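S.K.: any chance you can model this:
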Amino acid sequence: MKIRKTSFLLVFAAVAVIALSLGGCSSSSSSSSSNNWNTIVKQAKKEGKVVSVGMPNTWANWIETWKDLKTKYGLNHTDTDMSSAQELQKFKSAGKSSSAPDIGDIGLNIAPTAVKQKLLTAYKTKYWKDIPKWAKDKKGYYAAGYTGSIVFITDTKNVKASDAPKSWSQLASGKYKVAVGDPSTEAQAQYAVLAAAYAKGGSEKNLTPGLNFFAKLQKENRLSTVDTTIQNLQKGEIQVAVMWDFNALNYADQINSKRYKITVPTDGTIRSGYAEVINKNAAHPYAAKLARSYILSDKGQINLAKGYARPIRTNVKLPKSVKNKLLPSSDYKKIFHVKNNNTWNKATLKLGQEWKNDVLGAK
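M.R.: Numbers count the residues shown, from 1 in each chain. Model prediction:
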């Protein structure tokens, strides 16, 4: 289980491993011998291992990527499951030691903090130009490997399919209870507030419209206290939940896809991502660079899509069977992106208390 406190879990059977060539890659400092692709491959094979944090087999189909790296490059893999904040703390506490993790998977909202604290190694791959500006650090310290967008999932055992909300406005006028999670600890819940704020004229600089939106639900006794887990969905304890799209898709497929209706709010959703970052003190630095390159390769991106995570590279052609796991691109009518991750990061630090005061305390 991924302990990211975003309340979502990706569990599925691993599929057959397909080894594909990555080709060459370059970095922000292409003249450096440590970033020469042939050197990276040669040294990574010597290291023979990559140690990750927050990237377990059951999350976003990481298992297939780890198997590919083992098959193609002989890299063994181990992971310790933890949240984004815990990953950065592990980078700090391990220091320069043989137990230092090599690579982690953190939310874009806290990636600037990792850069500010000088915890990361800058490294760009040959796919750098394919990554949108909003999803990467210009110096190469981080880049999202996959994205998620906030959607609504409706349990049609509890709510008529015809009443499933298709917009924030419909969500506000419904008669059902809405589960969001805890914005004080869960990134998914924080982005739910941000998405509502954007749809109502706010931004990462102004979350008041989003807080007011959920305060209204609280006043009407429509804000559910049930956590947005797959177990609670399966038990029928959730009527409508607000969560990441890949979360909702995976949960629905695991339980019974015909039972749930997943909708993208037509009046706006937030799209963000998770970045695979290299520890400055990685015990296996070349293996870490090789892994990051592979994750951004066509095969690595397809692996993520098999785990319901939308690849950051839009120029990757997904097999039809994999593409069908995702919502159609046409469903995303209005997408917002965080313009300033530093501003958003600061906002999340205050959001827990604001939620307690302005939303849960609303009367």
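
S.K.: grab the longest strand from this structure for me.
M.R.: In the chain, with assignment by DSSP state E, the single longest strand is strand 144-155.

S.K.: neighbouring strands - and their directions - for that strand?
M.R.: strand 240-244 (antiparallel), strand 260-263 (antiparallel), strand 269-278 (antiparallel), strand 310-311 (antiparallel) (DSSP bridges).

S.K.: next SSE after the shortest one?
M.R.: This points to strand 310-311. helix 320-323 (DSSP states H and E).

S.K.: for that next one, which outside residues touch it?
M.R.: Here helix 320-323 makes contact (CB atoms under 8 Å, 6 or more residues apart in numbering) with 302, 305-306. C-beta here means a position set from N, CA and C on the backbone, and glycine is covered the same way.

S.K.: hmm, back to that, out of the strands paired with strand 144-155, which is closest to Phe152?
M.R.: Phe152 lies closest, by CB to CB, to one member of these: strand 260-263, at 5.0 Å.

S.K.: give me the residues contacting the closest one.
M.R.: Contacts for strand 260-263 (CB under 8 Å, 6+ apart): 151-156, 161, 164-166, 233, 245, 248-249, 251-252, 327, 331.

S.K.: next: stretch 343-354.
M.R.: The contact list for stretch 343-354 (CB under 8 Å, 6+ apart) reads 109-110, 112-113, 182-185, 187, 190, 193-194, 204-205, 207, 211, 338.

S.K.: among those residues, which are located in helices?
M.R.: Here DSSP state H is the test, and the contacts of stretch 343-354 give 112-113, 187, 190, 193-194, 211 as lying in helices.

S.K.: could I get those residues as JSON lines with distance to Glu237, pLDDT and neighbour count?
M.R.: Formatted as JSON lines, the ones in helices among the contacts of stretch 343-354 follow (distance: CB to CB, whole Å; pLDDT from 0 to 100; neighbours: other CB atoms under 10 Å):
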{"residue": "Pro112", "distance to Glu237": "36", "pLDDT": "89", "neighbour count": "19"}
{"residue": "Thr113", "distance to Glu237": "35", "pLDDT": "88", "neighbour count": "18"}
{"residue": "Ala187", "distance to Glu237": "22", "pLDDT": "84", "neighbour count": "27"}
{"residue": "Gln190", "distance to Glu237": "22", "pLDDT": "93", "neighbour count": "28"}
{"residue": "Val193", "distance to Glu237": "22", "pLDDT": "98", "neighbour count": "27"}
{"residue": "Leu194", "distance to Glu237": "25", "pLDDT": "98", "neighbour count": "27"}
{"residue": "Leu211", "distance to Glu237": "25", "pLDDT": "98", "neighbour count": "22"}
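
S.K.: please identify which of those is nearest to Ser293.
M.R.: Nearest to Ser293 among the ones in helices among the contacts of stretch 343-354 is Pro112, at 22.8 Å by CB to CB.

S.K.: for Thr348, see how far away the closest one is.
M.R.: For Pro112, the distance to Thr348 equals 12 Å [CB to CB, to the nearest Å].

S.K.: if you skip the residues just before and after it, what's nearest to Asp79?
M.R.: Ser52 (4.6 Å; CB to CB, 6 or more residues apart in numbering).

S.K.: okay, and the beta partners of the one you found?
M.R.: Beta-bridge pairing of Ser52 under DSSP bridges involves Asp79, Ile103.

S.K.: how about it, what does it touch?
M.R.: By CB under 8 Å, 6+ apart, the contact set of Ser52 is 62, 77-80, 101-105, 291.

S.K.: which pair of these spans the longest distance?
M.R.: Thr80 and Ala291 (15.4 Å).

S.K.: neighbour-wise, which of those two wins?
M.R.: Each of Thr80 and Ala291 has its neighbours counted (other CB atoms under 10 Å); Ala291 has more, 27 against 16.

S.K.: so where's the stretch 151-300 of the chain shaky on pLDDT?
M.R.: Along the stretch 151-300 of the chain, no part satisfies pLDDT under 70.

S.K.: for Met82, see how far away Lys124 is.
M.R.: 26 Å.

S.K.: the two: which is more packed in?
M.R.: The neighbour count for Lys124 versus Met82, taken as other CB under 10 Å, is higher for Lys124 (25 against 22).

S.K.: OK, contacts around Lys325?
M.R.: Neighbouring residues of Lys325 by CB under 8 Å, 6+ apart: 249, 253, 305-306, 308.

S.K.: please repeat the previous calculation with a cut-off of 10 Å.
M.R.: Neighbouring residues of Lys325 by CB atoms under 10 Å, 6 or more residues apart in numbering: 12, 246, 249-250, 253, 305-310, 318.

S.K.: in this structure, which spans are strands?
M.R.: Taking DSSP E to define them, one finds strands in the chain at 49-53, 76-80, 103-107, 144-155, 178-179, 223-224, 240-244, 260-263, 269-278, 310-311, 335-336.

S.K.: specify the beta-bridge partners of the closest residue to Leu304 other than its chain neighbours.
M.R.: Excluding the flanking residues, the one nearest Leu304 by CB to CB, 6+ apart is Tyr146, at 4.6 Å. Assessed by DSSP bridges, Tyr146 has beta-bridge partners Tyr274, Pro311.
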